[in-house]
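**Q** sharing a model prediction with you, sequence too.
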Amino acid sequence: MSTPSPAAEPATAPTAADYYAVNRGGGLFSEALSQRIGARIAVSAHKHRLAPTVLTVFNLGLGGLVSIVVIATAEPVADERVWAWPIGLLALIGWQLAYAFDCADGQLARVTGQTSAAGARLDVLCDVAVQISLVAALAATAEAQVPDTPAWLLAAFAGTWMVNLVTSVMQTGDKAASMVTSRSLPVRLVKLVRDYGAVVALAGLVLTVAPQWTIWFIGLFTLVNAAFLAASVMFSAREALRG
């Protein structure tokens, strides 16, 4: 994220703890790993005088490039002409690192006073682009591994995957509301099924260890996100009727 004019330099450079303190969460996994890596990226970016927008665009470039590699190798991996584990490992590390840059841009912008409406829009648009590429990569892998994968399943997966992103955007500002506000450990463990960092890590592990299971991953998360969408509609309808 960026602003037309840079913020004044602080007396001392912000530390990783300073950046982590302003993180926007994302779930137990994201807070424990992705946001912490993002804080260290923000420290390095500030040291090299990089604008938050640079981190946003790097997230787009890295995430998209990894997805392109997965798509391009889906058929060779399925035919066993290419080993699955190097491609899966690339996806596991690459997508996680791209997400860490996504975490870092917001941290850097907030701590250094470089937030802007344009930067926020760019951040969301880049997130959408990266997630479209990721969904395409998983769909390509599933179809290559199981050629008779139903088209409706891939379409439903693509549609319901975006529920996470849409609801995340809606959870900002004074109109935000949560169906389950508890931050107890059991609740947070259950919410891992909707933690982007955890979900992408699981996707990378599937591609590394057993890409033939990708269709089951797709089916599972289609069900999870569809159920969350239905619950969100009912929750919002109830709130609307109250008031």
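**A** Structure's in. What do you need?

**Q** lowest-confidence helix or strand of this protein?
**A** Least confident helix or strand of the chain, by mean pLDDT, DSSP states H and E, is helix 185-190 with a mean of 72.

**Q** which SSE is immediately downstream of that one?
**A** helix 196-209 (DSSP states H and E).

**Q** tabulate the CA atom coordinates of that following helix in CSV.
**A** Taking Å, rounded to 0.1, in the frame of the first residue of the first chain, the C-alpha atoms of helix 196-209 are listed here in CSV:
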residue,chain,number,x,y,z
TYR,A,196,-5.7,-19.0,4.4
GLY,A,197,-2.2,-19.7,5.6
ALA,A,198,-3.2,-23.2,6.9
VAL,A,199,-5.3,-24.0,3.8
VAL,A,200,-2.5,-23.1,1.4
ALA,A,201,0.0,-25.1,3.5
LEU,A,202,-2.3,-28.1,3.3
ALA,A,203,-2.7,-27.6,-0.5
GLY,A,204,1.1,-27.5,-0.9
LEU,A,205,1.5,-30.7,1.2
VAL,A,206,-1.0,-32.5,-0.9
LEU,A,207,0.8,-31.5,-4.1
THR,A,208,4.1,-32.6,-2.6
VAL,A,209,3.1,-36.0,-1.1
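
**Q** and it, average pLDDT?
**A** Averaging pLDDT along helix 196-209 gives 96.

**Q** again with stretch 127-138
**A** 96.

**Q** do stretch 159-170 as well
**A** Mean predicted confidence for stretch 159-170 is 76.

**Q** show me what counts as buried in it.
**A** 160, 161, 163, 164, 165, 167, 168 (16 or more other Cβ atoms under 10 Å). Backbone N, C-alpha and C define where each C-beta goes, glycine included.

**Q** contact partners of it?
**A** Contact partners of stretch 159-170, identified using Cβ atoms under 8 Å, 6 or more residues apart in numbering, comprise 124, 127-128, 131, 135, 176, 194, 196, 199, 221-222, 225-226, 228-229, 232.

**Q** now the helices for the chain?
**A** 16-21, 28-29, 35-47, 52-78, 84-112, 117-145, 151-170, 185-190, 196-209, 214-242 (DSSP state H).

**Q** out of those helices, which is the most enclosed?
**A** helix 84-112 (a mean of 23; mean count of other Cβ atoms under 10 Å).

**Q** now what about stretch 211-230, what contacts it?
**A** Under Cβ under 8 Å, 6+ apart, the answer for stretch 211-230 is 77-78, 84, 88, 138-139, 141-142, 145-146, 149, 153-154, 156-157, 160-161, 163-164, 167, 193-194, 199, 202-203, 206-207.
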